[in-house]
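# can't give you the sequence, but here's the structure:
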(Lines give C-alpha, C1' and ligand atoms only; values in the text may rest on other atoms or scores of the structure.)
Protein backbone atom coordinates (compact mmCIF):
# COMPACT_ATOMS: atom_id res chain seq x y z
CA UNK A 1 0.00 0.00 0.00
CA UNK A 2 1.17 3.54 -0.69
CA UNK A 3 1.39 6.22 1.96
CA UNK A 4 2.33 9.87 1.74
CA UNK A 5 4.43 11.41 4.50
CA UNK A 6 3.54 15.10 4.71
CA UNK A 7 6.50 16.95 6.19
CA UNK A 8 5.65 20.13 8.09
CA UNK A 9 8.23 22.64 9.28
CA UNK A 10 8.16 25.78 11.36
CA UNK A 11 7.76 28.87 9.17
CA UNK A 12 10.67 30.77 10.72
CA UNK A 13 13.11 27.94 9.95
CA UNK A 14 11.98 27.28 6.38
CA UNK A 15 14.36 29.53 4.42
CA UNK A 16 17.53 28.23 6.03
CA UNK A 17 16.45 24.61 5.79
CA UNK A 18 15.41 24.74 2.15
CA UNK A 19 18.56 26.53 1.07
CA UNK A 20 20.81 23.82 2.47
CA UNK A 21 21.65 20.34 1.35
CA UNK A 22 19.61 17.41 2.60
CA UNK A 23 21.20 15.84 5.67
CA UNK A 24 23.06 12.69 4.49
CA UNK A 25 21.24 10.56 7.09
CA UNK A 26 17.88 11.73 5.74
CA UNK A 27 19.08 11.25 2.15
CA UNK A 28 19.93 7.63 3.02
CA UNK A 29 16.32 7.02 4.11
CA UNK A 30 14.96 8.74 0.98
CA UNK A 31 17.11 6.51 -1.26
CA UNK A 32 15.56 3.27 0.05
CA UNK A 33 13.48 1.14 -2.34
CA UNK A 34 10.36 1.76 -0.20
CA UNK A 35 10.54 5.49 -1.05
CA UNK A 36 9.24 6.04 -4.57
CA UNK A 37 9.55 9.81 -4.64
CA UNK A 38 9.86 13.00 -2.65
CA UNK A 39 9.72 16.73 -3.22
CA UNK A 40 10.77 19.73 -1.17
CA UNK A 41 8.48 22.73 -1.40
CA UNK A 42 9.42 26.40 -1.36
CA UNK A 43 8.13 28.46 1.60
CA UNK A 44 4.39 29.03 1.89
CA UNK A 45 4.81 32.67 0.87
CA UNK A 46 5.63 31.46 -2.66
CA UNK A 47 2.19 29.84 -3.01
CA UNK A 48 -0.74 31.08 -5.05
CA UNK A 49 -4.11 29.91 -3.71
CA UNK A 50 -7.21 29.44 -5.89
CA UNK A 51 -10.63 29.55 -4.29
CA UNK A 52 -14.25 30.21 -5.20
CA UNK A 53 -16.24 33.06 -3.72
CA UNK A 54 -19.77 33.70 -4.99
CA UNK A 55 -19.02 31.45 -7.97
CA UNK A 56 -16.03 33.60 -8.97
CA UNK A 57 -12.52 32.28 -9.09
CA UNK A 58 -10.15 34.17 -6.80
CA UNK A 59 -6.37 33.98 -6.92
CA UNK A 60 -4.50 35.06 -3.80
CA UNK A 61 -0.78 35.31 -3.24
CA UNK A 62 0.37 33.19 -0.35
CA UNK A 63 -0.97 30.19 1.52
CA UNK A 64 -4.62 29.41 2.20
CA UNK A 65 -4.18 29.56 5.97
CA UNK A 66 -1.96 31.56 8.26
CA UNK A 67 -0.07 29.09 10.39
CA UNK A 68 3.12 28.73 12.41
CA UNK A 69 3.92 25.60 10.42
CA UNK A 70 3.60 24.86 6.72
CA UNK A 71 3.85 21.90 4.39
CA UNK A 72 7.53 21.75 3.40
CA UNK A 73 7.48 18.57 1.34
CA UNK A 74 6.02 15.17 0.77
CA UNK A 75 7.45 11.70 0.53
CA UNK A 76 5.70 8.79 -1.17
CA UNK A 77 6.44 5.40 0.40
CA UNK A 78 5.36 1.82 -0.22
CA UNK A 79 4.73 -0.20 2.94
CA UNK A 80 2.93 -3.42 3.81
CA UNK A 81 0.77 -1.60 6.34
CA UNK A 82 0.44 1.58 8.38
CA UNK A 83 3.03 0.34 10.88
CA UNK A 84 5.64 0.13 8.12
CA UNK A 85 4.91 3.68 6.97
CA UNK A 86 4.96 4.92 10.56
CA UNK A 87 8.37 3.31 11.09
CA UNK A 88 9.84 5.29 8.18
CA UNK A 89 8.16 8.49 9.40
CA UNK A 90 9.45 7.93 12.95
CA UNK A 91 12.99 7.46 11.66
CA UNK A 92 12.77 10.70 9.67
CA UNK A 93 11.25 12.49 12.66
CA UNK A 94 14.18 11.47 14.86
CA UNK A 95 16.63 12.86 12.28
CA UNK A 96 14.77 16.20 11.97
CA UNK A 97 13.34 17.23 15.33
CA UNK A 98 11.82 20.54 14.14
CA UNK A 99 9.36 18.89 11.76
CA UNK A 100 6.01 17.18 12.19
CA UNK A 101 5.18 14.34 9.81
CA UNK A 102 1.61 13.40 8.93
CA UNK A 103 1.19 9.89 7.53
CA UNK A 104 -1.77 9.38 5.23
CA UNK A 105 -2.79 6.40 3.05
CA UNK A 106 -2.96 7.09 -0.67
CA UNK A 107 -6.19 6.26 -2.48
CA UNK A 108 -5.01 4.21 -5.43
CA UNK A 109 -7.40 4.28 -8.33
CA UNK A 110 -7.34 4.54 -12.09
CA UNK A 111 -8.55 7.76 -13.64
CA UNK A 112 -11.39 7.26 -16.08
CA UNK A 113 -11.71 8.89 -19.46
CA UNK A 114 -9.32 9.07 -22.39
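Thanks, I have the structure now. Since we're looking at a predicted model, the values are computed, not measured. Residues are numbered from 1 along each chain as shown.
# who are the neighbours in contact with the residue nearest the centre of the chain?
The centroid of the chain falls nearest to residue 74 when counting by C-alpha atoms, centre = their mean (2.5 Å). Residue 74 makes contact with 4-7, 38-39, 41, according to C-beta atoms under 8 Å, 6 or more residues apart in numbering. Heads up, the C-betas are built off the backbone N, CA and C, glycines and all.
# same deal with residue 6?
If a contact means C-beta under 8 Å, 6+ apart, then residue 6 has 71, 74, 101-104 as its contacts.
# let's see 10 Å
Residue 6 is in contact with 71-75, 89, 99-104, counting by C-beta atoms under 10 Å, 6 or more residues apart in numbering.
# again with residue 91
Contact analysis of residue 91 by C-beta under 10 Å, 6+ apart lists 25-26, 28-29, 32, 101.
# swap the cut-off to 8 Å and go again
Residues near residue 91 by C-beta under 8 Å, 6+ apart: residue 29.
# quickly list what the nearest residue to residue 30 once chain neighbours are set aside is bridged to.
Nearest residue to residue 30 in three dimensions, chain neighbours excluded: residue 38, at 5.4 Å (C-beta to C-beta, 6 or more residues apart in numbering). Per DSSP bridges, the residues bridged to residue 38 are residue 75.
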